[in-house]
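Student: quick one, structure for this:
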Amino acid sequence: MTKTVVILGAGVAGLPLAHYLVSRTATQIPDLRVVLVSPNSHFYWGLASVRFALPVKQHGITEDKYLFPIEEQFSRYPNKEQFKFVVGAAKELHPDRNSLTVALKEKDKDGAEEIEIEYHTLIIATGTTYSGGMPWKALGTTEETRAAITQLQKQIDAAKSIVVAGAGATGVEFAGELGAAYGKNGKKSITILSPDPLPLESRIQDRVRASAKKELEKLGVKFIGHARLTAVTPASKGTEKEIKIELDDNGKKTTQTLTADLLIPTYGAEYNTSFAPAEMVSSSGRLLQNPDLRSPNHPNIFIVGDVGNLQPPQAIYAEQQGRHLMQHLPAYLAGDGKDIAPYYSGAEDKVQFAVTVGPSRATGQVGSFQLPSLLIWWLKGRYLGTNYTPDLAAGKRSLGGPLPK
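Tutor: Take a look at the predicted model:
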C-alpha cells in the first residue's frame with residue numbers, strides 16, 4: 001500500500017526534508033511517495049534578501065544565487081515516480097479524512113483549479129510571509145517575488161533619504177547594508193525606527209542590542225527608539241513622504257514628522273496557517289506542536305519551522321527541527337507510525353542568535369555569551385549563505401551542512 005508523505009512548503013525546512021525522503025528514505029521504502037506542495041515554482045533564499053534588495057552594483061549577487069527552479073532540483077533522482085511537485089497553495093486541511101485541498105497556481109491538464117491530495121503523513125513547513133509585498137520572504141508566486149525585488153532595487157537607487165521601519169533582525173541587517181552602501185559615505189540619509197529603546201527583540205541581552213545600535217551608527221544610520229509609525233502622507237512638494245511617528249519617553253508622548261523619499265517596512269511577518277482548522281492554531285497564530293513536533297491529536301501531522309509554536313521563528317530552529325525529522329521519519333514510515341523520539345525538552349530554549357550589521361560587522365548571542373563580530377562575519381556575514389545555496393537547493397546539504405546518511 002502506498003504511503004504518501006505530503007510536505008507543505010519548500011523553504012529551508014521543507015525542501016531539505018523532501019530531498020532527504022526522496023534520496024534516502026524512498027530507496028529503502030519502495031511504496032513511499034513524496035509530494036511537495038509550494039505556491040512558488042522556485043526555492044527562494046530570503047535570508048540574503050537584506051543584501052540583494054539593494055541594487056546589484058552594490059553587492060554583485062545575481063538571481064542565480066537566490067532563486068532555484070524546484071522541479072529541476074529533483075530531476076537527477078532515478079526514482080522519479082516516487083516524487084511529485086505541485087505548484088499551489090494549501091487551501092483547506094481535512095485531518096479527519098487525511099486529505100488536503102490545494103489551490104493550483106495554474107489549471108491542471110484537466111482544467112481543474114483545485115485538487116484534493118490524500119496523505120499518509122503530512123509535514124507542514126509553510127513558514128511566514130511579510131505583509132506589504134516586501135521580499136524578505138517569498139511572496140505569493142515566484143513572479144511576484146522577482147517583481148518586488150526589482151521594484152525595491154529601483155526605489156533604493158533613486159532615493160536620497162530612506163527610513164527603515166522596524167528594528168528586528170531583518171530591519172537591523174537591512175539598515176546595516178544600506179548604511180554600508182550609502183550612509184557611511186554620506187550618499188543617502190538612512191534612518192531606522194524602533195518601538196523599543198534599543199534595536200532587536202527584548203529576549204536578546206541589552207549589551208548585544210546596544211552593540212547593534214552602535215554598529216549601525218558607525219555606518220551613518222540614525223537610530224530613533226521609542227518610535228511608533230502612525231501615518232505616511234505625500235509631502236506638500238516634490239516626491240518625498242511625510243512620515244509621522246509617535247515617541248514615547250517614559251509615558252510622555254510626542255509626535256515627530258520625518259521627511260524621506262522612501263519608507264521600507266521590515267515588520268509584519270504573518271504565519272501561513274490560514275488553511276488549518278482553528279483547533280490546530282495557537283493564540284499567536286502559529287500551529288500548536290507537541291515535543292515530538294506532531295500536531296496535538298493528529299499523530300500523522302508534523303510541524304516544522306517558523307509556523308510551529310515550540311520555538312522562536314528563526315532559521316536555526318527550522319533547521320534543527322527538520323534534521324530531527326530526517327533522523328526519525330524513516331523508522332516511523334517503516335513501522336506502525338506510533339513512536340518517534342521527542343525533539344523538544346526545554347533545554348533548546350537558550351538564545352541562539354546572530355545578526356549582521358553591514359557586510360563586515362555583526363553581533364549575536366548564544367546562551368548568555370555574546371558572540372564576537374569576527375566569528376559571525378566569517379560564518380554568516382561574508383556571503384549570507386549565497387556561497388552554498390546551490391547545494392542546498394539541489395539537496396546536497398541543509399542549512400547546517402550535509403544531510404544525514
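Student: contacts and neighbour counts: CA atoms only from here.
Tutor: Noted.
Student: elements contacting the helix or strand hosting E246?
Tutor: Assigned by DSSP states H and E, E246 belongs to strand 241-249. Packing partners of strand 241-249 (3 or more Cα pairs under 8 Å, 6 or more residues apart in numbering; DSSP states H and E): strand 227-234, strand 252-260.
Student: okay, now the sheet partners of it, with direction.
Tutor: Here strand 241-249 has these sheet partners by DSSP bridges: strand 227-234 (antiparallel), strand 252-260 (antiparallel).
Student: before we move on, what SS does R203 have?
Tutor: Secondary structure for R203, judged by DSSP: H, G, I helix; E, B strand; the rest coil, is coil.
Student: count of neighbours near the residue nearest to it when sequence neighbours are not counted?
Tutor: Nearest non-adjacent residue to R203, counting by Cα to Cα, 6 or more residues apart in numbering: V351, 7.9 Å away. For V351, the count of nearby residues is 16 (other Cα atoms under 10 Å).
Student: out of the strands paired with strand 241-249, the one nearest H59 is which?
Tutor: Closest of those to H59 is strand 252-260, at 23.9 Å (criterion: Cα to Cα).
Student: could I get that closest one in CSV with only the CA atoms?
Tutor: This file holds the C-alpha atoms of strand 252-260, laid out as CSV (Å, rounded to 0.1, in the frame of the first residue of the first chain):
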residue,chain,number,x,y,z
LYS,A,252,5.4,61.2,27.8
LYS,A,253,4.1,61.0,24.2
THR,A,254,5.1,63.5,21.5
THR,A,255,4.7,63.5,17.7
GLN,A,256,7.5,64.0,15.2
THR,A,257,7.4,64.3,11.4
LEU,A,258,10.2,62.9,9.3
THR,A,259,10.7,63.6,5.6
ALA,A,260,12.1,60.9,3.3
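Student: quick one: list the elements packing against the next helix or strand after that strand.
Tutor: Next along the chain after strand 252-260, taking DSSP H and E as the criterion, comes strand 262-265. The contact analysis (3+ Cα pairs under 8 Å, 6+ apart) places strand 262-265 against strand 161-165.
Student: alpha carbons only: can I get the strand it packs on in CSV?
Tutor: Taking C-alpha atoms only, strand 161-165 is exported to CSV below (Å, rounded to 0.1, in the frame of the first residue of the first chain):
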residue,chain,number,x,y,z
SER,A,161,16.7,59.5,2.0
ILE,A,162,15.4,56.2,3.3
VAL,A,163,13.5,55.3,6.5
VAL,A,164,13.5,51.7,7.7
ALA,A,165,10.5,50.9,9.9
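Student: check the offset of it from the chain's centre.
Tutor: 22 Å (Cα atoms, centre = their mean, to the nearest Å).
Student: contacts for that strand?
Tutor: Here strand 161-165 makes contact (Cα atoms under 8 Å, 6 or more residues apart in numbering) with 156, 171, 175, 188-194, 229, 260-267.
Student: could you redo the last one with a cut-off of 10 Å?
Tutor: Strand 161-165 has contacts (Cα atoms under 10 Å, 6 or more residues apart in numbering) with 155-156, 171-172, 174-175, 178, 182-183, 187-195, 221-223, 227-229, 240, 243, 258-267.
Student: and stretch 178-194, how far from the chain's centre?
Tutor: On Cα atoms, centre = their mean, the centre of stretch 178-194 falls 24 Å from that of its chain.
Student: got the CA positions of that stretch in PDB?
Tutor: The C-alpha coordinates for stretch 178-194 follow below in PDB (Å, rounded to 0.1, in the frame of the first residue of the first chain):
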ATOM      1  CA  LEU A 178      22.000  50.500   3.500                       C
ATOM      2  CA  GLY A 179      24.400  52.200   5.900                       C
ATOM      3  CA  ALA A 180      27.500  50.400   4.500                       C
ATOM      4  CA  ALA A 181      26.500  51.200   0.900                       C
ATOM      5  CA  TYR A 182      25.200  54.800   1.300                       C
ATOM      6  CA  GLY A 183      25.100  56.100   4.900                       C
ATOM      7  CA  LYS A 184      28.800  55.900   5.800                       C
ATOM      8  CA  ASN A 185      29.900  57.800   2.800                       C
ATOM      9  CA  GLY A 186      27.000  60.300   3.000                       C
ATOM     10  CA  LYS A 187      25.400  59.400  -0.300                       C
ATOM     11  CA  LYS A 188      22.000  58.800   1.200                       C
ATOM     12  CA  SER A 189      20.300  59.600   4.600                       C
ATOM     13  CA  ILE A 190      19.400  56.300   6.400                       C
ATOM     14  CA  THR A 191      17.100  56.200   9.500                       C
ATOM     15  CA  ILE A 192      15.800  53.200  11.400                       C
ATOM     16  CA  LEU A 193      12.800  53.300  13.700                       C
ATOM     17  CA  SER A 194      12.300  51.000  16.700                       C
END
